[in-house]
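S.K.: would you be able to build a 3D model of this:
(one chain, ligands or ions: 1)
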Amino acid sequence: MIGSVFVNTSRRQVQFQKRFFASKIGRAGKNIPPQIQEMMERKLYNVTNHPISILSNIIRKYFETEKITDIEIPGEKFICESSFNSLVNTKKCFDDVLVPKDHVSRQPSDTYYFDDDTVLRPHTSAHQIEMIRSNHNAFLVLGDVYRRDTVDKTHYPAFHQMEGVRIFNYDQINAKDYDHAKKIAENDLKQTLLGLSSHVFGNIETRWMPENFPFTDPSLELEVFYNEDWMEILGCGVIHDQVMRNAGRDPEKEVGWAFGLGLDRWAMSLFQIPDIRLFWSKDERFLGQFKEGEITTFEPYSKFPACFKDITFWIGEDYDENGFMELIRDNSQDMVESVECIDTFTHPKTQKTSKCYRINYRHMDRNLTNEEVDEWQFKLRERVESELELELR
Ligand code: DAH
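M.R.: So this is what the prediction gives:
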């Protein structure tokens, strides 16, 4: 979630990302890595019988057909907008929703920049303002979102979010003043989302945790006890009064709530899908298993063997781990299942630090040959030196 801890990114990392993307311009025509561009075109939530589409339709159905809370507004109908371009300007994505200037999500180490003012949206909250501004008072926004991240079974640079917003005017809810209105909105938010969680997960234990999002006040997270563990399923809150103003509304007259949830994480638990890369598989053994309207358990098909390769290099203080992960992805696409740092060593005399990473090459849909894995690893070693300017050990 976007509320992660802030880590400073140095100028050198920014330069690295610019140089890294610049090297792709020839091939892709844009400064976003080619494999990301390919994902931008997939729109998995529109693919019938795909778990992402099945789940998003189940959620939409809850909002579109159920009487969701005690507050009923004649004529109100939730609409779902899923056709926004995933490239958005930084004003909509960050400024309008009050993301601080120095927040980590603005850093090129975490977010893909198309150019200085345009990013590949890291959250669907980027569209809140324009929806509210066009007078929508009950809506969902569904879309693919992108973040630079580590490589493992639950993290992928592309995933899917659904945003929800409901706005009331004070008369509709008999609010006396701003504080009263906020309280009513918060209660309605909780009722809505508890209804959603039981609609999707069934009758399970839930709990609210305090959170901190720039665009809401108060901010909360909802957790459910599912598959024998607590799982955070969404972030939400009462829309910040300044966000209301930025969207052209008067917080002395109107109040609203908002939430955002990650569909991939929900789908992984509900369908018991063990690896996030599977959503992007084109293999019939995956795609053929699911049916619209039904949450069924994924039947794993035989896994292809893993192939482990280690790489060790010296790092400096401004080392950008996400940049290294990105390089690995670019180098061998989805052939990498996970990357794990297995050793960190600081030289007692020079105080220089080195890191050793174990890369697990394994494809979801086919066997990899030794030759191709060796070739990727060789290329990776070269690129760590030439593009990241790190010294191999
Ligand atoms: N945008 C947040 C994220 O990506 C999720 C979120 C939290 C959306 C709270 C909201 C909200 O609309 O009110 O982590």
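S.K.: can you map out the strands along the chain?
M.R.: 79-81, 87-89, 113-115, 118-120, 138-146, 158-169, 206-211, 216-226, 229-239, 254-262, 307-315, 336-346, 353-361, 391-392 (DSSP state E).
S.K.: out of these, which gets the lowest mean score?
M.R.: With a mean of 90, strand 113-115 has the lowest mean pLDDT of these.
S.K.: what helices or strands is that strand leaning on?
M.R.: strand 118-120 (3 or more C-beta pairs under 8 Å, 6 or more residues apart in numbering; DSSP states H and E). (Each C-beta comes from the backbone N, C-alpha and C, glycine too.)
S.K.: from the contact counts, what lies against the strand it packs on?
M.R.: Short answer (3+ C-beta pairs under 8 Å, 6+ apart): strand 118-120 packs on strand 87-89, strand 113-115.
S.K.: buried ones in that strand, by neighbour count?
M.R.: Within strand 118-120, the residues that count as buried by 16 or more other C-beta atoms under 10 Å are T118, V119, L120.
S.K.: so who does the second one touch?
M.R.: For V119, the set of contacting residues under the criterion of C-beta atoms under 8 Å, 6 or more residues apart in numbering consists of L87, V88, N89, T90, C93, T111, Y112, Y113.
S.K.: and the buried ones among those residues, selectable in ChimeraX?
M.R.: Here is the ChimeraX selection string for the buried members of these, based on 16+ other C-beta under 10 Å:
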select :87,88,90,93,111,112,113
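S.K.: report the two of the contacts of V119 separated the most.
M.R.: By the measure C-beta to C-beta, the contacts of V119 have their two most distant members at N89 and Y112, which lie 13.6 Å apart.
S.K.: partner residues bridging the residue of the stretch 101-250 of the chain found nearest the ligand?
M.R.: Going by C-beta to the nearest ligand atom, the ligand is nearest to G235 of the stretch 101-250 of the chain, at 2.9 Å. G235 has these beta-bridge partners by DSSP bridges: E221, G260.
S.K.: surely it is in contact with M209?
M.R.: No: taking contacts as C-beta atoms under 8 Å, G235 lies outside contact range of M209: 9.8 Å.
S.K.: which residues are in contact with each of these two?
M.R.: Residues touching both G235 and M209 (C-beta under 8 Å, 6+ apart): L220, E221.
S.K.: pLDDT of stretch 263-274, averaged?
M.R.: Stretch 263-274 carries an average pLDDT of 97.
S.K.: ok, and what's touching it?
M.R.: 45, 51-52, 54-56, 153-154, 156, 159-162, 200-201, 226-227, 231, 233, 276, 279, 290, 295-298, 300.
S.K.: could I get it in CSV with only the CA atoms?
M.R.: Taking C-alpha atoms only, stretch 263-274 is exported to CSV below (Å, rounded to 0.1, in the frame of the first residue of the first chain):
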residue,chain,number,x,y,z
LEU,A,263,-7.4,-7.5,-6.5
ASP,A,264,-4.4,-9.7,-7.1
ARG,A,265,-3.9,-10.3,-3.4
TRP,A,266,-7.6,-11.0,-2.8
ALA,A,267,-7.6,-13.4,-5.8
MET,A,268,-4.5,-15.2,-4.7
SER,A,269,-6.1,-16.1,-1.3
LEU,A,270,-9.6,-16.8,-2.7
PHE,A,271,-8.6,-19.0,-5.6
GLN,A,272,-5.4,-20.2,-3.8
ILE,A,273,-3.1,-19.1,-6.6
PRO,A,274,0.4,-19.6,-5.3
